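Trainee: Attaching a predicted model along with its sequence, questions to come.
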Amino acid sequence: MKKHLLIVEDESLILFSLVTALKSDSLQVTTAANGTAALKEIDAFSHYDLFIIDLSLPDMNGEELLKRIKANHPLAKFIILTGRFLNKQAMLNGVEDAADLEPFHFISKPFDIEEIQEVVFQALFEENAE
């Protein structure tokens, strides 16, 4: 069964790199360049298995987008991608109500594409993935 991933990233080169690295026969990748477009995609297709979301979006705070998605999809899995924080602990310390965003994986920019591939694979295809 094909899994569905929504990537929300406003930097076109990063978005292209992620799509190129992650598309496969077992994974349908959809993209959005901002929070508004992401919410429209979710309204059109509400069965995403995983979200990769940049915290710095041009039209909406990434944390707000995460909270809005989680309100309607409480079991959704997230990978946070950002250049604002160097690690997950710094993000937890720097984002108001960050604990409400759990569970998630955190990847700092610049990132290793193989790390993202591994995290996505674990989140979607391994038994007992968070």
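Mentor: Received, thanks.
Trainee: and Ser24, bridged to which residues?
Mentor: Judged by DSSP bridges, the bridge partners of Ser24 are Leu27.
Trainee: Distance of it relative to Ile53?
Mentor: Computed as Cβ to Cβ, to the nearest Å, the Ser24 to Ile53 distance reads 20 Å. C-betas here are computed from N, CA, C, even on glycine.
Trainee: Who has more neighbours out of the two?
Mentor: Ile53 (24 against 13; other Cβ atoms under 10 Å).
Trainee: what helix or strand is the more buried one on?
Mentor: strand 50-54 (DSSP states H and E).
Trainee: ok, the residue positioned nearest the centre of the chain - contacts?
Mentor: Most central in the chain under Cα atoms, centre = their mean is Ile52, positioned 1.3 Å from the mean C-alpha point. Under the criterion of Cβ atoms under 8 Å, 6 or more residues apart in numbering, the neighbours of Ile52 are Leu5, Leu6, Ile7, Val8, Glu9, Leu18, Phe78, Ile79, Leu81, Ile116, Val120.
Trainee: out of those residues, who has the most neighbours?
Mentor: Val8 (28 neighbours).
Trainee: quick one: contacts for it?
Mentor: Going by Cβ under 8 Å, 6+ apart, the list of residues near Val8 reads 31-35, 37-38, 51-54, 57, 62, 65.
Trainee: In JSON lines, list those residues along with secondary structure.
Mentor: Formatted as JSON lines, the contacts of Val8 follow (DSSP: H, G, I helix; E, B strand; the rest coil):
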{"residue": "Thr31", "secondary structure": "strand"}
{"residue": "Ala32", "secondary structure": "strand"}
{"residue": "Ala33", "secondary structure": "coil"}
{"residue": "Asn34", "secondary structure": "coil"}
{"residue": "Gly35", "secondary structure": "helix"}
{"residue": "Ala37", "secondary structure": "helix"}
{"residue": "Ala38", "secondary structure": "helix"}
{"residue": "Phe51", "secondary structure": "strand"}
{"residue": "Ile52", "secondary structure": "strand"}
{"residue": "Ile53", "secondary structure": "strand"}
{"residue": "Asp54", "secondary structure": "strand"}
{"residue": "Leu57", "secondary structure": "coil"}
{"residue": "Gly62", "secondary structure": "helix"}
{"residue": "Leu65", "secondary structure": "helix"}
